[in-house]
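Peer 1: quick check, what structure comes out for this input:
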Amino acid sequence: MTVPRVVPALLAVLIGLGVLVGPVAPAAADDEGGTATLQQRLDEAATGYNNARAEAQASEKRRTALVSQIAVLEKRISALDAQVQELSAAAYRNGVPDAATAMANSRSLPDLIGNLGLVDTLSERRSQTLADLRQARRDLADTQKDVDAQLTKQRAAQRTMGRKRAAAEKALADAKVGGQPTGGFTDNADDHPAAAGPPARKAAPKPRRKPTAAPRRSDGTYGSEGCSQDDPTSDGCLTPRTLHALRQTRAAGFTHYVHCFRPASFGEHPKGRACDFAAAKSGFGGAATGDDRAYGNRLAAWFIANADRLGVLYVIWYRQIWLPGSGWRAYQSGSDPSAAHTNHVHLSVQ
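Peer 2: Sure, this is the predicted structure:
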């Protein structure tokens, strides 16, 4: 029996529409682990946390300055109060001088001019002192209100930080990649929590250069940036903040192979906001061990120590993820070295 030509054509159309290929596949995974949904939720939560933290810090800084200003105003009010009391006491003892009294007590024209000048001076001094005292008290009241307002803003930002931290941890739990608190990493070469295999050879940590802080907006937060700078590690682009982080990392002595931009359907890499820092000197290979692993430990620890200055969104290394506010958490995103992040440290920048 000959199959009509229309049947293959119809089958092709149905397959193209997904009618004959079964249920819709789950969210696609990145080649280094994670899903579009997870990365989007982590991006939003970490960005929200960092911005709220910057706002809280700005409010605290402003509040501290205002408290110092209050101390100055209180000292000034105390001094003005003393002056007013002194003038009032002098007026009570000697009477309040006036023009008529000055004329009566003057024996000559020069005396009259001098006495009238003294009356004016004393009167102006008393009036100015009272005016200064009233203004200082108004300034103090306004400053105290500003302190209260800054404290309200700070507490609101702290509540936002708590919500964003919880949102990031829930995203990890929903994605079933772990999320349990872990020990993280330090500059110690034998630091290897939550990972199999022998410890790396211990070596004395080297001092690292503190990075130059990335530019911030006037409110202390990091603004959104486009992929506008050439990526020196690829043919792609980077945001200015990511390029700054890359340069500062290299200046601190972390000079192993790095690759940043890459085309992808989701995540920070195609936005120019992420870099992968190989544990090995020449490129990505198998799971890092020995000195390579120690290098990754030091690099991950350095990123965390300078997260605020670099605008770090999150860091992934050796089956763990660091998120602002949450710290290091288990991150089981795959089994191969790239997905498990056992051959490179992933840095995402806000």
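Peer 1: wait, what's in contact with the residue lying closest to residue 342 once chain neighbours are set aside?
Peer 2: For residue 342, the nearest residue in space outside its immediate sequence neighbours is residue 287; the separation is 3.9 Å by Cβ to Cβ, 6 or more residues apart in numbering. Glycine gets a C-beta too; all of them are placed from N, C-alpha and C. Residue 287 makes contacts with 197, 337, 340, 342, 343, as judged by Cβ atoms under 8 Å, 6 or more residues apart in numbering.
Peer 1: can you check residue 330 too?
Peer 2: Taking Cβ under 8 Å, 6+ apart as the criterion, residue 330 is in contact with 177, 178, 179, 180, 181, 182, 194, 319, 320, 321.
Peer 1: generate a PyMOL selection restricted to the buried entries among the residues you listed.
Peer 2: Of those, the buried ones go into a single PyMOL selection, burial set by 16 or more other Cβ atoms under 10 Å:
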select buried, resi 177+178+179+182+194+319+320+321
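Peer 1: closest to residue 82 among the contacts of residue 330?
Peer 2: Checking those against residue 82 with Cβ to Cβ, the nearest one is residue 181 at 58.1 Å.
Peer 1: show me what that closest one is bridged to.
Peer 2: residue 329 (DSSP bridges).
Peer 1: now do the SS call for the residue nearest to residue 342.
Peer 2: Judged by DSSP: H, G, I helix; E, B strand; the rest coil, the three-state class of residue 287 is coil.
Peer 1: I'd like to know which of the contacts of residue 330 are part of strands.
Peer 2: The subset of those located in strands under the criterion DSSP state E comprises 178, 179, 180, 181, 320, 321.
Peer 1: still on that earlier bit, just the buried subset of the contacts of residue 287, please.
Peer 2: Buried positions within the contacts of residue 287, assessed by neighbour count (16+ other Cβ under 10 Å), are 337, 340, 342, 343.
Peer 1: and those as JSON lines, adding distance to residue 44?
Peer 2: As requested, the buried ones among the contacts of residue 287 are exported to JSON lines (distance: Cβ to Cβ, whole Å):
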{"residue": "337", "distance to residue 44": "28"}
{"residue": "340", "distance to residue 44": "24"}
{"residue": "342", "distance to residue 44": "27"}
{"residue": "343", "distance to residue 44": "28"}
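Peer 1: biggest separation within those residues, which pair?
Peer 2: Using Cβ to Cβ, the two most remote members of the buried ones among the contacts of residue 287 are 340 and 343, lying 8.3 Å apart.
Peer 1: wait, residue 77 sits on residue 137?
Peer 2: Yes: checked against Cβ atoms under 8 Å, the pair residue 77 and residue 137 is within contact range at 6.2 Å.
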